[in-house]
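Engineer: sequence below, structure please.
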Amino acid sequence: MKRLLVFWCCMLSVAVYAQIVDITKTVTGVGETYQDALNAALLTAVQQVRGAEVGTQRQLQSTVNYLFNYRSDIVVEEIRVKKDIYNDSKGWVKSFEVLSIIKPENKDDVWQVNAKVTVPHFKSILAADDTRHTLAIMPFISMQARYYIGEEQLASHRVRQTLRDQLVTRFTQNGRFAMLNRTQGELLDQEFSLLASDAVSKEDASRLGNVAGADFMLLGVIDYIGKPKKSRSYYGADFNANRVEAVLSYQIVEVASQRILWADSIDTHFILDHDFETRQVFERLANQVANEATQAVYPLRVMDIVNQGQIFLSQGGKAIQVGDSYEVKAAAKTMQDPDTGKLRVIEGMAIAQLEIIDVGNNYSIAKLISGDMGQIRANSIVRKAKAGQTQAVEAKPLTPGSSEKPLSWD
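Structural biologist: Purely as a prediction, here's the structure:
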């Protein structure tokens, strides 16, 4: 009950960002009977306004068939008479007016109905102003019935849900994608069932079939979480007793083309010390997936350069940490693959190294550590420095015996 209440409160909170607009279309329908021709005209108008959505034709066909049986005045062949059918059509059509009727003259002809149809359409102001790609995070596949983290035993459905929640949080925080609400699947199903029934308001009816589609989907497999598979022991002492290994793979898929935009796997370890909490496993996995997947579509870039101590970057949130090292890349080059003939974009070499000094919700600030400040440009791509590529610490003076030189007793 609490989940349902929270869901409807969220729906009400965004009401001010939406509006219902009446759109009128002049269309023509044909059919073997007058009813079939009018039915086709109504369906054409709805599809022109809302698009050919999944299930639209079947649901509207069923509604109109019921409508024709319930409203005898609609099947009367009359023109220039406006019929208000909003409530009876469950919000599919507000009204229609038949402009002309052409009756069949012989058995091979069909009925033709020209009508002016008004269709209510739900328009989201937020969606209209948001040009970001939309991302849907799908439940990951579980390869284990149960997962073991130290002494804790977790059912697969709990692991999937916890990871999914963390992924939604991370992707939402970085602000690059417009996230779709797939976490309330059961409640959304209930809402759609309500809208397709008789108990439907005028406002909610227009939302039927207008759930935003995803540009990209995040798919994945949780391969393993548990005690490290590789044995680590010494004279009978088990060094894996206080460790956890987590392995997963994931893909970013473009929905329209089914093209895999990015794919990677993660194999990481955790030490079960006194400060360890189970949530840290899912937080780290989600953070790494969100960071790498986002970088594949929206690379971190330089937004503005104030001075060497203030270089603004385009992303923030928990994906970027104070103290992290990043590399600024030179401009990319486009080259042709000699085997396939396809053009490839080759990322430029590192021209400078930065260190993060401050992180906001959707931006971060870095300072220059090394490199030529004059080569850094706004919009330059920035990548996280790999381990071992950070600037070397200034070497300490060698002491006697610490080098390969012979000892001097003088």
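Engineer: so how far is residue 33 from residue 42?
Structural biologist: Here the criterion is CB to CB, to the nearest Å. By it, residue 42 lies 14 Å from residue 33. To be clear about C-beta, it is placed using only N, CA and C from the backbone, and glycine gets the same treatment.
Engineer: those two: which has the busier surroundings?
Structural biologist: Taking residue 42 and residue 33 together and counting by other CB atoms under 10 Å, residue 42 has the greater number of neighbours (26 against 12).
Engineer: how far away is the more buried one from residue 249?
Structural biologist: Using CB to CB, residue 42 is found at 48 Å from residue 249.
Engineer: next: residue 29.
Structural biologist: Distance from residue 29 to residue 249, counting by CB to CB: 50 Å.
Engineer: same deal with residue 94?
Structural biologist: With distances taken as CB to CB, residue 94 is found 49 Å from residue 249.
Engineer: doesn't residue 46 make contact with residue 92?
Structural biologist: Yes - counting by CB atoms under 8 Å, residue 46 is a contact partner of residue 92 at 5.9 Å.
Engineer: flag the shaky bits of the chain, pLDDT-wise.
Structural biologist: Under the criterion pLDDT under 70, the flagged ranges of the chain are 1-19, 50-91, 122-129, 180-214, 231-241, 255-258, 387-410.
Engineer: could you pull out the helices for it?
Structural biologist: Counting by DSSP state H, one finds helices in the chain at the ranges 2-13, 34-50, 56-70, 125-129, 156-174, 185-195, 202-205, 279-297.
Engineer: can you show me the CA trace of the fifth one as CSV?
Structural biologist: By that I understand helix 156-174. What follows is the C-alpha trace of helix 156-174 in CSV, where atoms were taken according to Å, rounded to 0.1, in the frame of the first residue of the first chain:
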residue,chain,number,x,y,z
SER,A,156,19.3,-14.1,-6.7
HIS,A,157,16.2,-11.9,-7.0
ARG,A,158,17.6,-9.7,-4.1
VAL,A,159,21.0,-9.4,-5.8
ARG,A,160,19.4,-8.4,-9.1
GLN,A,161,17.2,-5.8,-7.6
THR,A,162,19.9,-4.3,-5.4
LEU,A,163,22.3,-4.0,-8.3
ARG,A,164,19.5,-2.5,-10.5
ASP,A,165,18.6,0.1,-7.9
GLN,A,166,22.3,1.1,-7.6
LEU,A,167,22.7,1.3,-11.4
VAL,A,168,19.6,3.6,-11.7
THR,A,169,21.1,5.8,-8.9
ARG,A,170,24.5,6.1,-10.6
PHE,A,171,23.2,6.7,-14.1
THR,A,172,20.7,9.3,-12.8
GLN,A,173,23.4,11.1,-10.8
ASN,A,174,25.7,11.5,-13.8
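Engineer: packing partners of that helix?
Structural biologist: Contacts defined by 3 or more CB pairs under 8 Å, 6 or more residues apart in numbering; DSSP states H and E place helix 156-174 against strand 134-137, strand 141-142, strand 146-149, strand 178-179, strand 216-226, helix 279-297.
Engineer: neighbouring contacts of that helix?
Structural biologist: Taking CB atoms under 8 Å, 6 or more residues apart in numbering as the criterion, the residues outside helix 156-174 that touch it are 135, 137, 139-140, 142, 144-147, 177, 179, 183, 218, 222, 225, 279, 282-283, 285-287, 289-291, 294, 315-319, 361-362.
Engineer: list the buried ones in that helix?
Structural biologist: Residues of helix 156-174 classed as buried: 156, 159-160, 162-164, 166-171, 173-174 (neighbour count, 16 or more other CB atoms under 10 Å).
Engineer: how's this structure carved up into domains?
Structural biologist: Residue ranges for each domain of the chain read 17-126, 131-198+211-298, 300-391, as given by automatic domain parsing.
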